[in-house]
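Participant: Can you look at this prediction? I've put the sequence above it.
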Amino acid sequence: QVQLVESGGGLVQPGGSLRLSCTSSGFTLDYYHLAWFRQAPGKEREGVSYISMSGGSTYYADSVKGRFTISRDNAKNTVYLQMNSLKPEDTAVYYCAGAFFQPSDYGSSYEYDSWGHGTQVTVSS
């Protein structure tokens, strides 16, 4: 398992933007498929976005398509989630996740074996 560390969360007004980052200390993420999940109070954890090891394949939940963009910079050992046009319903703790083997279901948390502790994103006026 790889220890992942998220950053970049915060409070933003509706329509605003945030960029989340996820990196690992002591481990290279080059060989991992990476994803972002989120969990709002009283709700189950849901898959938001996925990027393959090569960066050539991505996946987005319908709720964020056209607003969020996932990317990775292997030279910086970092994966990003650019979030634009944020809505109050995007409020949640956002988690970075990694999988050594390519997931068959990108949005299933069971497919990932490494997790960060999460970063809070709050969208409110």
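Facilitator: Sure thing, it's come through.
Participant: Identify the residues contacting the lowest-mean-pLDDT helix or strand in the chain?
Facilitator: The weakest-scoring helix or strand in the chain, judged by mean pLDDT, DSSP states H and E, is strand 114-115 (a mean of 94). For strand 114-115, the surrounding residues in contact (Cβ atoms under 8 Å, 6 or more residues apart in numbering) are 1-4, 32, 95-99. C-beta coordinates here come from the backbone N, C-alpha and C atoms, glycine included.
Participant: redo that, cut-off 10 Å
Facilitator: Strand 114-115 is touched from outside by 1-4, 6, 24, 27, 29, 32, 34, 37, 45, 95-100, 109, with contacts defined as Cβ atoms under 10 Å, 6 or more residues apart in numbering.
Participant: The residue lying closest to Glu111 once chain neighbours are set aside and His33: what is the separation?
Facilitator: In space, and not counting its chain neighbours, Glu111 is closest to Pro103: 3.6 Å by Cβ to Cβ, 6 or more residues apart in numbering. Per Cβ to Cβ, to the nearest Å, Pro103 is found 6 Å from His33.
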